[in-house]
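Novice: Would you be able to build a 3D model of this:
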Amino acid sequence: MGNMRTDLRRLTHEELTEFRKQAVAQVQSGVRVEDVCAGMGVSRSALFGWLSRYRSGGWDALRADRRGGRKPKLDAAGMRWVYELVTEHDPEQLKFPFALWTCARVAEAIRRELRVRLSRWSVMRMLRQLGLTPQRPLHRAYQQKSAAVAEWKEKTYPQIRREARKAGARIYFLDESSVRSDYHSGTTWAPKGRTPVVKSTGARFAINIIAAATARGKLRFRTFKGTMTAPVFIDFLKRLIRDTDQPVFLIVDGHPVHRSRAVRDFVEGTQGRMRLFSLPGYSPELNPVEQAWSHAKRHNVGTRVVTGPDQLRRLAHSALCKIQKLPRIVMGFFRHPDCAYAII
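Specialist: Residues are numbered from 1 along each chain as shown. Predicted structure coming up:
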C-alpha cells in the first residue's frame, strides 16, 4: 500500500475487524508504529485508538460492529503519548534522576503528566502491547561530543580515506585491551532453581593485548605483560610497517602513549611510511577492533575454565589466531552499525 491512505469506509465490518487485528498484531510483534502506519495506510491516531481498545477489552474490543464498553484509562492520545515518551525522550528530560525507562518510571510519568494511576504490571503489559521490549542499553560516555562523532564520520574519516587512496596506503584501526581471569560468558542448562557452579582459579590476573585491523579482513596482534608503554607500542608499529610494503595510516584513540614524544619521533622518522590519526574522544564504539575483543571473549576465553596466567595467555592468543585466519569475521566487525562508516 506504500504511503497511500486506506479508505476504511469501504471495508465491511468483518474486513475492518481483521484489518485492525493485523495492525495491532504487527505492533505487538515489534514492528515500529511508523512502519505499520505507512505499510497499512492508516493514521497514527487510528492505530493508537485500536491499541487503546485492545488494551481495555482484548481482541474482541476490535470488532467493528461493537459499540460502547468500558472506557479505557488511557485513550488513543494517551497511548500515543506513552509510546513517544519511551521512544523519543530520556527520563532525565522529565527531571527523573534515573536514566532508564523502567516500568515503575513510566508509571510515575503517566501519573504525573496524565493524572492516571497504573500499576507496574499494567504498564509492563501496555509497553509490550506497544511493541516495546526491555533491553540492555548501550552506554556512551557523557563527555562524548555528538558533533565531533558526526564530523568524524562525515568529514574527517572520508578525508583520511581519500588521502590513503592517493598515497596507496593501508588503513588500520588499532586498540588495546585486556582479558581477565574472572571474565565469563555464555549459559549452561541446569535444573530450574539450581544455579550451576563452574569452578576456576580464585586468583585474579589479566593478559594485555594490542591489535590492529583493516576493513579488508587483515588482523595483526600481540600480547604483552604490564602496562602499555611507548617502547611496547613502537615495537608493534614496527611490526605493522614490516608487514606491508604500503604506507600505513593508523587510527588510534586518545591513550597518552599514542601522543607521547617518543611515538611522535618514531612516526616522523618513518619518512611517510606511517601516519597516525586520532578518533574523537570518548568514542570507543567507532573502533571496529572493539568488536574483536568482544568476539574473542564471548566465543572463546569467556567459555573456558582458567587455571593460570600462562593458560589465559594461550587462550587469548588462540582466540585471536582463529579470528585472524577468517578474514570474513574481521570484515564483519566493520559492518557493525557504529563502524559501518569505515567500510572501504
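
Novice: now Glu18: how far from Thr12?
Specialist: Distance of Glu18 to Thr12, computed by Cβ to Cβ, to the nearest Å: 10 Å. (C-beta placed from N, C-alpha, C; glycine too.)

Novice: between these two, who's got more neighbours?
Specialist: Each of Glu18 and Thr12 has its neighbours counted (other Cβ atoms under 10 Å); Glu18 has more, 14 against 10.

Novice: Helix or strand: which one has the more buried one?
Specialist: Element membership for Glu18 (DSSP states H and E) is helix 13-28.

Novice: Contacts for that helix, please.
Specialist: Outside of helix 13-28, the residues within contact range by Cβ atoms under 8 Å, 6 or more residues apart in numbering are 6, 8, 11, 33, 36, 39-40, 42, 47, 50-51, 53-54, 59, 62-65, 128-131.

Novice: Narrow these to just the buried residues.
Specialist: Burial by neighbour count, 16 or more other Cβ atoms under 10 Å: within the contacts of helix 13-28 this picks out 33, 36, 40, 42, 47, 50-51, 53-54, 62-64, 129-131.

Novice: Looking at those, spot the one nearest Val82.
Specialist: Closest approach between these and Val82, by Cβ to Cβ: Leu130, at 6.9 Å.

Novice: Give the closest residue to Glu151 in space, chain neighbours not counted.
Specialist: What sits nearest to Glu151 in space, not counting adjacent residues and going by Cβ to Cβ, 6 or more residues apart in numbering, is Pro280, at 7.8 Å.

Novice: What score does that neighbour have for pLDDT?
Specialist: pLDDT for Pro280: 92.

Novice: Repeat that for Pro288.
Specialist: Pro288 carries a pLDDT value of 95.

Novice: contacting residues around it?
Specialist: Residues near Pro288 by Cβ under 8 Å, 6+ apart: 173, 213, 215, 333-334, 336, 339, 342.

Novice: Emit the PyMOL select command for whichever of the residues you listed are buried.
Specialist: A single PyMOL command selects the buried members of the contacts of Pro288 (16+ other Cβ under 10 Å):
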select buried, resi 173+213+215+333+334+339+342
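
Novice: can you list the residues that contact the very next helix or strand once past the helix holding Glu18?
Specialist: Counting by DSSP H and E, the next helix or strand C-terminal to helix 13-28 is helix 33-40. With Cβ under 8 Å, 6+ apart as the test, helix 33-40 has contacts from 1-3, 6, 19, 22-23, 26-27, 31, 42-44, 47-48, 83, 130-131.
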